[in-house]
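> Next come a sequence and a model predicted from it.
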Amino acid sequence: MTQQTKKIPRLPEQVEGVRCFGFNIAVLDNGFVYSGDCFIEDKFLLITNCKNIRQWGTTKGLGELVNGILPKTVLDEVGQVSVPIGRLVHLIKCNKIW
């Protein structure tokens, strides 16, 4: 899927052939951790409005970030990431977009 062929929504809504999960923290099997709008199409996780969470800045784990970043959190803008779904360890649903 490309952004030229299908409009990708910011929030979860029904798009044919795409499962939309909204804003999440995505933990991948190689240690990368991203935040953004998560979609699954075919066998790929697509993360739009994506940021790499380089430093969590937490004392009690990633769950502390569900309501927003903390003062010591370090994010790097990525834009869009597409990874094979088998690389996804888990998604953490966030309560707000950051």
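Here it is on my side, so go on.

> alpha carbons only for contacts and neighbour counts from here, please
Will do.

> So, low pLDDT: which residues of the protein?
Across the chain, the ranges flagged by pLDDT under 70 are 1-16.

> And the helix or strand containing Val78, what's buried?
In the assignment (DSSP states H and E), Val78 maps to strand 74-84. Neighbour counts over strand 74-84 (16 or more other C-alpha atoms under 10 Å) mark Leu75, Val81 as buried.

> contacting residues around stretch 72-87?
28-30, 40, 43-58 (C-alpha atoms under 8 Å, 6 or more residues apart in numbering).

> List only those of the residues you listed flagged as buried.
Using 16+ other C-alpha under 10 Å, the buried ones in the contacts of stretch 72-87 are 28, 40, 44-53, 56-57.

> Identify, from the residues you listed, the entry nearest to Ile97.
Here the nearest of the buried ones among the contacts of stretch 72-87 to Ile97, counting by C-alpha to C-alpha, is Asn49; it sits at 10.0 Å.

> Sticking with the closest one, tell me its helix or strand.
strand 44-55.

> what's in contact with that strand?
Outside strand 44-55, the residues that reach it (C-alpha under 8 Å, 6+ apart) are 32-40, 72-85, 88.

> now swap in stretch 88-98 and tell me
22-29, 36, 45, 63, 65-69.

> Any buried residues in stretch 26-39, and which?
Quick answer for stretch 26-39 (16+ other C-alpha under 10 Å): Ala26, Val27, Leu28, Val33, Tyr34, Ser35, Gly36, Asp37, Cys38, Phe39.

> Stretch 62-75 now?
Buried, per 16+ other C-alpha under 10 Å, within stretch 62-75: Leu65, Val66, Ile69, Leu75.

> Out of those residues, which two sit at the greatest distance?
Pairwise over these, using C-alpha to C-alpha, the maximum falls at Val66 and Leu75, 14.5 Å.

> how much space between Ile25 and Asn52?
10 Å (C-alpha to C-alpha, to the nearest Å).

> Repeat that for Phe23.
14 Å.
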